[in-house]
Structures are given as C-alpha cells and as structure tokens.
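**Q** Sharing a sequence plus its predicted fold:
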Amino acid sequence: MSFPPRQPLIGRDASPAARGFLVTIAVVVLVVSIEWAAWRQYRAFEQRQATAEFARIADQATLSLMQQTAHYRNALLALRATWLASERFDPDEFARYVRALSAPQSLPGLRAFAFNRAVEERDRAAYVQRIRREYSAHDPIYNRFDIYPDGIRERYHVVEMIQPPSGNQRSLGYDLGTSDVRRVTVEHALQHGFAATPPIQLQQAPGVLAILILAPLRNVADTTASAADTRDTVAASFLVNEMVNAAISPSLRKQFHLRITDLGATEAAIDTATPLYADNTPPGVDSDPRTVTREESFGGRRWQLRFQPTEPAARPLADTVLFGLLAAGALLAGLVSHLAMQHARRVVRHQALVRLGSDCILELDAGGRVREADNAAQRITGLPPREWEGEPLWRKVAEEDALDVERAVRQCIERREPVVIECRVPDDSGGPPRWISMRLGNHLDHPYLGCLFAQISNIDARKEVEAEVARLAFYDPLTGLPNRRLLEARAELTLAAARRHNGHAAVMVLDLDGFKEINDSAGHAVGDEVLAQLATRLRHVVRDSDTVARLGGDEFVILLGEPAGEAEVRTAAVRISHALTVPLTAAGHNWLVTASVGIALHPDHGDNFADLLGAADTAMYRSKRTGRGLTTVASGRSAGATPRSTY
C-alpha cells in the first residue's frame, strides 16, 4: 500500500515573509506552551515550599509552648521536693520558696502555687480551729479561715496555703472536691504523680480560662500503707492566654493565628473537644492549605494546636507579566525562564533561612561542616560567623558536649528527621559558657538547598531557672545551708568512708537556747536574720570537709568526717561555743545566743546516720535540761547508760 508524498508545512512557493511569519507563530505557540507549563509548575513548587516553611514555624511554636508547660511542671515538682525535705513548712516557708523562685519573672504566666490538704469530715472542725490558731500569726486572713462551699461531705480537699497572696486569697479554704473536674484531676494526680485539668475558671479569676496542675505529696511508686493514705497535694495554676504570650515571641506570634482545643483525657475513648484558646481568626483562613494541626499531651490531657497563617500565600504572577513573557518570543524565552528559576531559588532560600528575632541559622554540608553562618551568630553564641564557617559544628561547642553534638548531626543525616540538642559554647573572653539549643533539619534531598540547617537559640535564662529550682530542692532557702535530704546523702558517704578505713565520724546537734524570745520580742524577720548570720558563723568555724545543715526552726546539725575522734570533736565544740560568745547584730541590736549541743560518735554510738542523729539529739536535750550553752556527749549503746560528760 502506497501513501501520498508528505507535503511540507510551509510550501516552497510561500513568500519569505509568510515563511517567517509561520515560523514565528510556531515558535510563539511552543514558547507559550512551555512557559505556561513552567508557570504552573513554579506556582505548585512555591506553594509546597510555603507549606513546608509554615510547618517549621508551627513546630517551633509548638516546641516553645510545650517547653513553657514543662517549666511550670518542673517548678511544681521542685515545690513538692522542697516540701518533703522540710521538717516544718508553714506559710512563711511557703512564701520564701515562691519569692526565691521569682515566679512572675522566671515563670511568666504562672498565676499561683498552692498546698491542698485532704481532710475527713470527722476532723473538719478541729482542722479549721488549728489553722486559725497556728496560721493567724503569719497572715491575719487566717482568722476567718473556713471550708467552702458549705455542706457536709465525707472528705474535703482544701486549699490551705496559696502564694503569692495578692489576688489569690479568695481561693483559701476552697474545697476542690466540690468540682467534678478538679476532683477527677486530684485522683489522676494521686495515681500518676502529675495531672492537669481541662480548661477551668479559677476562684480568684472568674471569666478567664486557666489550667490547674497538681502533684501528690508522696512518691507514687511507694506502695506502703502510710504513703497510700497520703492524699495531700501541691498545685499551680496558669492562665492560658498568659502562657501563650510568655512562650511565643512576638516576632513569631504575628505569623499565625492559633487555636488550642482540649480533646479530653489521654485514656478516653471518645474526644470531648473543649476550646482552650483562640485569637481573632478572620473568616476564610480555615481554607488555607498551609494550615497545620499538632497534637500534644500534658498532665494526662490531649491538646490540639491549630496554626493558620496570618498572611496570604504569595500571589501568582500578574497577567500583564505573563502576557509580557509570552510576547517576548523565542529569543527571550530561555533567558526569561532562566531568570525565573533563579528568582525561585532566591525566594526558596530566603524562606528557608527566615530569621526570627531570637535565633540564628547555620548552614551545614553533608559532612556536618558549617558552610555559612548569619550575622546573629555573634549575639546568640558569642562567636562571630567567621569562627563557625569552615569547621565541623561540634568543634566549636564545649569539649564535654562535642561527642553528643556530633552524634546528633549523624542522626539527623542518617534518619532524615529533625533533632533538637542542648549544649554549651565556650566564651573566648574567659566568662562562663553559653547554653544554646540547636534544632537540626535535614534538607540534603531538597533540589535547591542540599544542606542541613541548624537553628540556634540562647537558653541561658532557662538554664539559670532550672539550676535555681534544683538548688531549692537540696538547700535551705533562708540560710543557704544543706537541708535534711542533702545532709543524709553526705552522711552516707562519710560513714561509708569511716567504715572502710576503720576511722571515725561524728554528728553534733545544736539547738539555740531562748531563740523563741527573739522571735516574740523582735519579730520573725529579725529572727530569720539572726539564723542566717549564725549559719555563716558556723560554716567558718568548721572544716571545709565538714557539713553544717539546718533541719528546721533553730535546730542545726554538723557532720564531722575523719579525723573525728572524741578529742577532735570536743575541740570543734569549743570552737563553736567561742563563736557564739560574740553577739549577732540584727535590726540595729546585738543579740547574744547560746546553744545546747549533743554529740554522737561513730562507731561508739551507732553505725548509721539515723542512730547517730538520734543519740546526738538525746544528748542535746540532756544539755537543755541541765542548763544553757552546755555540750553533752551521748551515752554508750547499752540500755540505761548515762552520758559520758557534760561541759
């Protein structure tokens, strides 16, 4: 079968003008088709990049919010640890803890701390009278203390103390058990060690959504009967809107609308959505494809965080620009396409390297070496950009953190997932190292980036707050001396060393004589100042290897390590007595205090700290009965033994 010969698209007889015209038309049609396809691909690519960039912003905001709630939780658990470590914890001690924590400055958004007492109905009247009698001297408001709302219930869970008092005293005496939400949260805290309520309205701040977090005053792992019967709790509350404002920087906050919803308990089978926070989201924002939803857990509750962009996505190229590109013809098509792709690369790079006011960005190659650092590096890390560039990321951090940073970089490269790590950067001027947080993101597979990004934030302020919280758990807030918890830990080490080397150790118990008279005549503030000065004096008269601790009130304990035979201990007791002969100056007056001292020696009076402390305490009380300012060495282990000496 034969086919007719193919006819050329442009006949041989066509004039040159017609031939050129037809070729031009063909080229224009081809260029228009290519540019149209390229333009649509570019818009889709730009949309994907905008979505990814906004997701990164949402992730950073989510991390900031959950870090803020973690700070609140750590502060509450530190309060519990301080409470459990204290022999006496009255409203004054409670207030000192909150002032030492400086909650409004270091924990913005936190409304109050509270102690809640579990009270049986049969004990209600006696409990109310005891609180009025014992606490009225600390705050006159306790003269009217009572449990509310009215009504007879089998058990009450009463707000006994709350700090700071300003704006919060309305909650004193409130029974948490009268609210189903609060009662369920208390039970969850007793079972799991920590719990948070769904959004509630506080007694002291009605009309504003808040979250109440609780922790039991016991270790949930302790299954003994005495521990299981302990139902007292400590609590803290924060307003949700203040928490959001404190957690997210203004430069980050203005980039999205935020809606937080409480989905119910983590173990609940059905979601019960309750609005927790929402700003003024304009209509139509829900349809933005860049909208991001995250789900987090806090205190047994599930929170849904919904982020919606505040600014619309970049508008497509105007029709006039598109028509201009089409009219440019075949000669300009390649150049225009090239410039458009170059422009796309610059736009994507700019979006990926967006700089928040508090962060800096480092660009790393596939081996973890820094290719480029932005100008914020000097302010955030203390090192100029040129110090970072050309070196592996882990070379510039503290030596003890270098291996962890290198592992984090390798993990980010191998697993293709973000990694967050905290480390220190040495200060070239000799100052303390700076704490930074690194968020590593893998963009090695990205067609235009091909690198890792390290987003760096300075976290010095948060680390200082965490260190202060840890210090309050082991040291007496008033005197700065070790508390009972730290004393017991050091005693175990000292006694273990004494047993290992057949050496000696000693425990001295000091109780001030007549200290109550100072409190009664001059006030508790003067008494506190006297105790603080006395603690400083005791530290100066013992060796650096010895420990001076305060157990509470006006009772101190001194732990003496090797050498600590009876002669050395008596010498130390004489030094302490001489130190107390010099008056203490407080509030413009001189105060002369004496102390009754009891001494117990290892191994003569006991093998463990509890036995030694008990023997020394008994000897101290014998000194008190004998007279003021006396020192007594404990008796031997045999029943009915008399003290060795009193002097």
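**A** Received the coordinates, thanks.

**Q** wait, residue 494 sits on residue 559?
**A** Yes. Taking C-beta atoms under 8 Å as the definition, residue 494 is a contact partner of residue 559 at 6.0 Å. No exception for glycine: its C-beta is placed from N, CA and C like everyone else's.

**Q** which residues do these two both contact?
**A** Listed contacts common to residue 494 and residue 559 are 505, 547; contacts here mean C-beta atoms under 8 Å, 6 or more residues apart in numbering.

**Q** Tell me, how many residues neighbour residue 183?
**A** Neighbours of residue 183 under the rule other C-beta atoms under 10 Å: 15.

**Q** OK, contacts around the residue lying closest to residue 532 once chain neighbours are set aside?
**A** Distance criterion C-beta to C-beta, 6 or more residues apart in numbering; nearest residue to residue 532, sequence neighbours excluded, is residue 479 at 5.3 Å. Residue 479 sits next to 531, 532, 535, 550 when contact means C-beta under 8 Å, 6+ apart.

**Q** Switch these over to CSV; also include secondary structure.
**A** Shown next, in CSV, are these (DSSP: H, G, I helix; E, B strand; the rest coil):
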residue, secondary structure
531, helix
532, helix
535, helix
550, strand
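
**Q** In the residues you listed, which residue is surrounded by the most others?
**A** residue 550 (26 neighbours).

**Q** just checking, it touches residue 476?
**A** Yes. Taking contacts as C-beta under 8 Å, residue 550 lies within contact range of residue 476: 4.6 Å.

**Q** if I look at these two, which residues touch both of them?
**A** Common neighbours of residue 550 and residue 476 (C-beta under 8 Å, 6+ apart) are 482, 483.

**Q** can you list the domains in the protein?
**A** Here the domain parsing of the chain from automatic domain parsing is 21-352, 356-460, 475-646.

**Q** Confirm residue 132 sits in a strand?
**A** No. Checked against three-state DSSP, residue 132 lies outside a strand; its state is helix.

**Q** ok, so of the contacts of residue 479, who is nearest residue 185?
**A** residue 550 (34.8 Å; C-beta to C-beta).

**Q** In contact with that closest one, which residues?
**A** The contact partners of residue 550, by C-beta under 8 Å, 6+ apart, come to 476, 478, 479, 481, 482, 483, 531, 535, 556, 557.

**Q** With distance to residue 92 added, can I get the residues you listed in JSON lines?
**A** What follows is the contacts of residue 550, written out as JSON lines (distance: C-beta to C-beta, whole Å):
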{"residue": "476", "distance to residue 92": "13"}
{"residue": "478", "distance to residue 92": "9"}
{"residue": "479", "distance to residue 92": "14"}
{"residue": "481", "distance to residue 92": "17"}
{"residue": "482", "distance to residue 92": "20"}
{"residue": "483", "distance to residue 92": "16"}
{"residue": "531", "distance to residue 92": "12"}
{"residue": "535", "distance to residue 92": "17"}
{"residue": "556", "distance to residue 92": "19"}
{"residue": "557", "distance to residue 92": "21"}
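
**Q** Can you list which of those residues are found in strands?
**A** 556, 557 (DSSP state E).

**Q** Please produce TSV containing the contacts of residue 550, extended by distance to residue 185 and pLDDT.
**A** TSV is the format used below for the contacts of residue 550 (distance: C-beta to C-beta, whole Å; pLDDT from 0 to 100):
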residue	distance to residue 185	pLDDT
476	32	87
478	33	87
479	36	87
481	36	90
482	34	92
483	30	89
531	38	90
535	40	90
556	40	94
557	39	95
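
**Q** Pull the contacting residues for residue 396.
**A** Residue 396 touches 381, 383, 387, 388, 425, counting by C-beta under 8 Å, 6+ apart.

**Q** Find the nearest non-adjacent residue to residue 416, please.
**A** Of all residues not flanking residue 416 in the chain, residue 442 sits nearest, at 5.1 Å (C-beta to C-beta, 6+ apart).

**Q** And stretch 477-495, what's buried?
**A** 477-479, 481-488, 490-491, 494-495 (16 or more other C-beta atoms under 10 Å).

**Q** Please apply the same query to stretch 126-140.
**A** By neighbour count on 16+ other C-beta under 10 Å, the buried set for stretch 126-140 is 127, 128, 131, 135, 138, 139.

**Q** swap in stretch 621-633?
**A** For stretch 621-633, burial by neighbour count (16+ other C-beta under 10 Å) applies to 622, 623, 624, 630, 631, 632, 633.

**Q** Tabulate those in JSON lines, adding columns for pLDDT.
**A** As requested, those are exported to JSON lines (pLDDT from 0 to 100):
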{"residue": "622", "pLDDT": "94"}
{"residue": "623", "pLDDT": "91"}
{"residue": "624", "pLDDT": "90"}
{"residue": "630", "pLDDT": "90"}
{"residue": "631", "pLDDT": "91"}
{"residue": "632", "pLDDT": "92"}
{"residue": "633", "pLDDT": "92"}
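
**Q** mind putting the residues you listed in a markdown table, secondary structure and distance to residue 77 included?
**A** A markdown table is the format used below for the buried residues of stretch 621-633 (DSSP: H, G, I helix; E, B strand; the rest coil; distance: C-beta to C-beta, whole Å):
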| residue | secondary structure | distance to residue 77 |
| --- | --- | --- |
| 622 | helix | 40 |
| 623 | helix | 39 |
| 624 | helix | 38 |
| 630 | coil | 42 |
| 631 | strand | 40 |
| 632 | strand | 40 |
| 633 | strand | 41 |
